[in-house]
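> turn this into a model:
(one chain, ligands or ions: 2)
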Amino acid sequence: MSAPLVLGIETSCDETGVALARGEELLVDAVASSMDEHARYGGIIPEVASRAHLEAMVPTIRRALAEADVDLGEVDAIAVTAGPGLVGPLTIGAAAAKALAVGLGVPLYGVNHVIGHAAVDELVHGPFPDRVMALVVSGGHSSLLMVDDIVTGVTELGSTLDDAAGEAFDKVGRLLGLPYPGGPHIDRLAREGDREAIRFPRGLTAPKDQAKHAYDFSFSGLKTAVARWVEARQDAGQEIPVADVAASFAYSVADVLTAKTIAACRRHGVETLVIGGGFSANSQLRDLAAERCAEAGIELRIPPIRYCTDNGAMIAAVGAAAVRRGLAPSDLDLAVDSSMPLTLVTV
Ligand code: KG4
Ligand code: ZN
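Ligands and ions are numbered 1, 2, ... in the order given. Below you'll find the model as predicted:
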């Protein structure tokens, strides 16, 4: 008998993601994005995203089924993002998932989006070893997780106390006059600059932070430091060396993320690091993580970028793992939770 077929639905932000996984094999991953509709506002507009999910849901499900050559009736379970994310968009996904679960008479699993960003790597690079460290970094989250089992053994070691890494890039992008989202533009500029040109602060790395915040992040002080530095130059009528500012800023973020993550790996004897989330596209982070993991003898796993940005495969991955472990399904009246804690992998 073949492994159960799980349909995953993701709608926590601006991507409508639908994927099918059979056991540990990903059959298809279809995505529709409303990012173009948000770009001119300089940020995601939840109401616009909700409407886009509503319009994209059925066509994206149809596309996924057609591409995988699967009938809807063959689906054995539905997984959907229950949180964290935007309430309106999450509600559209949950409503679609509930309707499918009721119509097909199959179990429904409401799953945690952040954990999905780590779990998807199992579909891409194969099952995790006994213990892995997962750094999930995006525009909405920056979390360090120790994973003994993706469904029953996730421990949150730290997270950002203020801005997420991608969010900090987008804010610095705005102050440098770059288009939204600024992250990829800063990445590109940073490759032409000198990362040692300006010594920006490293958030939460002072000795006094070791006790309570060894594995937490903070990027808002860094963002303010960049703003002050740029303002001082402008006030003095000097030109802004944009590439050097971008490179020095990006280096501070990558330095803190990788230093804390590798320290956590060492402390807990973890030999595999998974990086997920849309910010893992960042070349400064990728390069420094590769360099420092090689030095520390840690295997680095980063899924291809389409599985790092929001997608349905990440949700199907958690759903498939939950089914495999015989976890009880969620109630059909499950409520979405915009700030779903990482202590909950499914609801
Ligand atoms: O995962 P994602 O697509 O959406 C969220 O769940 O937030 O991540 C998007 C975030 C944005 O903040 C974007 O600017 C940032 O990731 N980002 C980057 C790069 N590519 C995307 N930041 C820096 N360098 C990049 N290459
Ligand atoms: Zn995400």
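> list the contacts for the residue of the stretch 1-150 of the chain found nearest ligand 2?
In the stretch 1-150 of the chain, the residue that lies nearest ligand 2 is residue 138 (4.5 Å; Cβ to the ion). Quick note: C-beta positions are derived from backbone N, CA and C, even for glycine. The contact partners of residue 138, by Cβ atoms under 8 Å, 6 or more residues apart in numbering, come to 117, 164-166, 277-279, 309-310.
> 6 Å - rerun?
Contact partners of residue 138, counting by Cβ atoms under 6 Å, 6 or more residues apart in numbering, are 166, 277-279.
> let me know the pLDDT of the residue nearest the centre of the chain.
Nearest residue to the geometric centre of the chain (Cα atoms, centre = their mean): residue 277, 2.6 Å. Looking at residue 277, its pLDDT reads 96.
> neighbours of residue 77, how many?
By the measure other Cβ atoms under 10 Å, the count of residues near residue 77 is 22.
> my guess is the residue nearest to the centre of the chain contacts residue 117. True?
Yes: here residue 277 reaches residue 117: they are 4.8 Å apart, a contact under Cβ atoms under 6 Å.
> give me the low-pLDDT residue ranges for this protein?
Low-confidence segments of the chain (pLDDT under 70): 1.
> how is this structure divided into domains?
For the chain, the structural domains run 5-119+308-324, 130-305, going by automatic domain parsing.
> out of the ones you listed, nearest to ligand 1?
With Cβ to the nearest ligand atom as the measure, domain 130-305 is the member of the domains of the chain nearest ligand 1 (2.2 Å).
> quick one: end-to-end length of the closest one, please.
Terminal residues of domain 130-305 are spaced 25 Å apart (Cα to Cα, to the nearest Å).
> where's residue 134 relative to residue 277, distance?
Distance of residue 134 to residue 277, computed by Cβ to Cβ, to the nearest Å: 10 Å.
> which residue ranges form the strands in this structure?
All strands of the chain, identified by DSSP state E, fall at 5-10, 15-22, 25-33, 77-83, 108-112, 132-137, 142-149, 153-159, 272-276, 299-301.
> show me what the fifth one is packed up against.
What it means is strand 108-112. Other helices and strands packing on strand 108-112, by 3 or more Cβ pairs under 6 Å, 6 or more residues apart in numbering; DSSP states H and E, are strand 77-83, helix 313-324.
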